[in-house]
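Undergrad: starting from these lines, generate the structure:
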Amino acid sequence: MRPVPVRHSPIRPWAALAALALLGACATHEVDFQGEGDGVVGEGAVVHAVLETPPVGQPGQDAADDPAVWASAHPVMVKGVATPGFVAGTDKKAGLYIYGLDGRILQFLPEGLLNNVDVVEGLSVGGRPQVVLGASDRTPGKVGVALYRFDPAATQADNAVQYWGSIRTDVVEPYGFCFARRGDQVYAVLVGHEGELRQYALGVDAGGAPVAREVRRAEIGSISEGCAADEASGALFVNEENVGLWRYDLDPASGAARTLIQPIAPGVLVADAEGLTTIADGDKRYLIASSQGDSTFPVWRIDAGAPQYKGRFVVKDGVVDGVTGTDGLAAAGGAVGPFPEGVVVIQDDVNDEGGQNFKYVDWRDIRRALGL
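TA: So this is what the prediction gives:
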């Protein structure tokens with residue numbers, strides 16, 4: 001289908017002004033419901049975060065948005081620090097943070113207006129497997145998907161996440177983003193603020209630069225953001241914020257066909273329906289959503305046919321403060337540094353210690369609380 005240019009060029013002033021004008025003209029359909037920043041917390045099984053990152057931005061500022069988690073079987077070097085993995089977190093007013101699995105800042109990339117971020121393996125540069133990060137980018141002059149790469153085998157002290165390229169798009173305001181795997185193919189999935197869905201096949205050219213090809217476009221219907229993929233079942237899940245949770249097929253040939261898994265409903269999924277993530281727990285797999293309107297997190301089992309709703313949890317005050325008004329969240333199963341069976345990282349809209357930040361919750365606590 002249509003090729004999509006992958007850019008490396010600097011921002012041109014005229015392009016920045018044009019993109020800024022377009023951004024000012026969009027966001028006409030967004031409706032914010034109770035709970036976003038108001039501390040409204042619904043009913044759910046109680047869990048506690050065990051650690052947190054430093055604040056992002058200034059107190060009262062809407063800055064932190066979405067995390068991604070990557071774990072390694074062996075320690076890797078990030079800016080001179082040996083770590084068993086990292087968490088990437090967006091500051092949607094400034095750029096991308098790379099945190100250790102202990103919550104401390106390892107790196108900051110001042111990349112502009114990044115919103116959602118995800119991480120994937122499966123691509124190589126010069127014969128060396130890379131960890132690839134992607135983020136929806138709303139920076140004037142760079143609107144699209146920003147791509148970064150990390151070499152997990154590099155041992156030098158200055159090894160770090162580095163900018164790799166970008167996917168340009170016709171979407172006026174990139175919003176949600178996730179990676180997906182289908183066999184050997186890596187896909188980048190972009191969700192626009194007004195409900196646009198774009199899927200790109202991602203690869204690497206002979207010179208080691210990223211290349212992307214648009215393979216699907218569809219209209220979700222209204223403001224949408226969170227997305228997450230489940231390779232084993234071939235599912236792509238998307239949250240339409242004021243409508244509900246949809247399941248698409250990962251196969252781009254399926255087009256706009258979809259199934260409504262969960263409509264917006266009190267006590268289950270309350271608008272705004274925001275972030276989505278999946279986690280593997282042995283031979284079981286789960287989907288977790290952010291029910292932002294009442295600061296809860298509904299969970300579905302997704303490895304046994306149609307998704308099965310298993311209940312929801314809330315993150316209350318414990319060693320660190322609780323969580324409200326979450327935008328994005330991410331999870332990783334198995335051994336993840338100090339988390340022997342997995343971790344869920346959650347954005348906190350109202351953080352007691354200053355600006356918004358990210359909280360880490362042990363997956364075992366969630367599993368126990370929900371009786372999974």
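
Undergrad: ok, the closest residue to Arg182 other than its chain neighbours - how many residues close by?
TA: Using Cβ to Cβ, 6 or more residues apart in numbering and skipping residues adjacent in sequence, the residue nearest Arg182 is Leu250, 5.0 Å away. Glycine gets a C-beta too; all of them are placed from N, C-alpha and C. Per other Cβ atoms under 10 Å, the neighbour tally for Leu250 reads 21.

Undergrad: pretty sure Leu250 is touching Gly183, no?
TA: No. Using Cβ atoms under 8 Å, Leu250 makes no contact with Gly183, being 9.9 Å away.

Undergrad: roughly how far apart are the residue nearest to Arg182 and Ala180?
TA: In this view, Leu250 and Ala180 are 6 Å apart by Cβ to Cβ, to the nearest Å.

Undergrad: Ser124 now?
TA: Taking Cβ to Cβ as the measure, Ser124 falls 18 Å from Ala180.

Undergrad: one step back: next, show the common contact partners of Leu250 and Ala180.
TA: Residues within reach of Leu250 and of Ala180 at once, by Cβ atoms under 8 Å, 6 or more residues apart in numbering, are 187, 229, 231, 236.

Undergrad: ok, the first one - contacts?
TA: Residues counted as contacts of Tyr187 (Cβ under 8 Å, 6+ apart) are 179-181, 199-202, 215, 229, 250, 252.

Undergrad: name the helix or strand of this protein that has the lowest mean pLDDT.
TA: Lowest by mean pLDDT, DSSP states H and E among the helices and strands of the chain is helix 13-25, with a mean of 36.

Undergrad: give me the number of residues near Leu370?
TA: Around Leu370 there are 17 other residues, counting by other Cβ under 10 Å.

Undergrad: can I assume it is in contact with Val299?
TA: Yes. Leu370 is within contact range of Val299, at 6.2 Å (criterion: Cβ under 8 Å).

Undergrad: who touches both of these two?
TA: Common contact partners of Leu370 and Val299 (Cβ under 8 Å, 6+ apart): 310-311, 313.

Undergrad: between those, which is nearest Leu96?
TA: Phe313 (27.6 Å; Cβ to Cβ).

Undergrad: circling back to that earlier point, more crowded one of Ser124 and Ala180?
TA: Remark: of Ser124 and Ala180, Ala180 carries more neighbours, 22 against 11, as counted by other Cβ under 10 Å.

Undergrad: quick check, that one in a helix?
TA: No. Assigned with DSSP: H, G, I helix; E, B strand; the rest coil, Ala180 falls outside any helix and is strand.

Undergrad: can you pull the contacts of it?
TA: Residues in contact with Ala180 (Cβ under 8 Å, 6+ apart) are 186-187, 189, 199, 229, 231, 236, 250.

Undergrad: hmm, try it at 7 Å
TA: Going by Cβ atoms under 7 Å, 6 or more residues apart in numbering, Ala180 touches 187, 189, 229, 231, 236, 250.

Undergrad: may I have the beta-bridge partners of it?
TA: Tyr187 (DSSP bridges).

Undergrad: ok, it to Ala265 distance?
TA: Ala180 is 27 Å from Ala265, by Cβ to Cβ.

Undergrad: over to Ala332?
TA: Separation of Ala332 from Ala265 (Cβ to Cβ): 29 Å.

Undergrad: more crowded one of these two?
TA: Comparing Ala332 with Ala265 by other Cβ under 10 Å, the one with more neighbours is Ala332, at 25 against 12.

Undergrad: need the three-state assignment for that one.
TA: strand.

Undergrad: you'd agree it is up against Val345?
TA: No. Ala332 is not in contact with Val345 according to Cβ atoms under 7 Å; the separation is 8.5 Å.

Undergrad: where in this protein is pLDDT low?
TA: Scanning the chain with the threshold set as pLDDT under 70 gives 1-39.

Undergrad: chain center to the strand ranked longest in it: distance?
TA: In the chain, assigned by DSSP state E, the strand with the most residues is strand 64-78. Here strand 64-78 shows a centroid-to-chain-centroid distance of 13 Å under the convention Cα atoms, centre = their mean, to the nearest Å.

Undergrad: ok, Thr90 - how many residues close by?
TA: Close neighbours of Thr90, defined as other Cβ under 10 Å, add up to 30.

Undergrad: quick one, the one helix or strand it maps to and strand 64-78 angle?
TA: Element membership of Thr90 [criterion: DSSP states H and E] is strand 81-91. Compare the direction of strand 81-91 with that of strand 64-78 by axes from the mean of the first three to the mean of the last three Cα atoms, to 10 degrees and you get 160 degrees.
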